[in-house]
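Peer 1: Can you look at this prediction? I've put the sequence above it.
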Amino acid sequence: MILVLVFVGVALATFGVLSLLDVQFRASKVTAVTAFLGGMGMVVGAEAGLIGSSSSFYKAQQIQTSACELDGESAYPENRRFDANQLIRKYILGCMARSGYAWTTDHEHCKEAPLATNPLCYLPTGLFDRAVTRVQVAFE
């Protein structure tokens, strides 16, 4: 589907540019500009879909949460069953912060289970990463 969007978008953009350069396909300037903008919008949308579906956003956040949990439990193995001082929780929160994730309880599943091991309780600190992750976890 994304490939079709890219193909149609490039065709529309090409049609628009060629019409603006007076290689006429019997189109007005308004039609040419509309075709170009529509085509570029389709290409940009398809690329955003590809980037958003990759494993570099929420999937990476899940992986990092698991890695921090493993590191925390390895650092404090005696506290796995009963962690009165919450050393493992503090370790996981610090590990996620060092990895570029901020703790947040905005997501409804985090409100239900505000655990340090819940990947829905974190958001990336980078603006673009945060925006893409928010869109991805909106459907969780």
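Peer 2: Structure's in. What do you need? Here the structure is a predicted model, which means the values were calculated and not measured.
Peer 1: where does residue 115 land in three-state SS?
Peer 2: Under DSSP: H, G, I helix; E, B strand; the rest coil, residue 115 falls in the coil class.
Peer 1: you'd agree it is up against residue 105?
Peer 2: No. Taking contacts as Cβ atoms under 8 Å, residue 115 lies outside contact range of residue 105: 10.8 Å. C-beta here means a position set from N, CA and C on the backbone, and glycine is covered the same way.
Peer 1: Show me whatever sits in contact with both of these two.
Peer 2: Taking Cβ atoms under 8 Å, 6 or more residues apart in numbering as the contact rule, residue 115 and residue 105 both touch residue 121.
Peer 1: elements contacting the helix or strand where residue 69 lies?
Peer 2: Using DSSP states H and E, residue 69 sits in helix 58-75. Packed against helix 58-75, as judged by 3 or more Cβ pairs under 8 Å, 6 or more residues apart in numbering; DSSP states H and E, are the following elements: helix 87-98, strand 122-124, helix 127-137.
Peer 1: what does it rub up against?
Peer 2: 55, 80, 87-89, 91-92, 95-96, 99, 101, 116-119, 122, 124, 133, 136-137.
Peer 1: Around residue 41, count how many other residues there are.
Peer 2: 14 (other Cβ atoms under 10 Å).
Peer 1: Lovely, talk soon.
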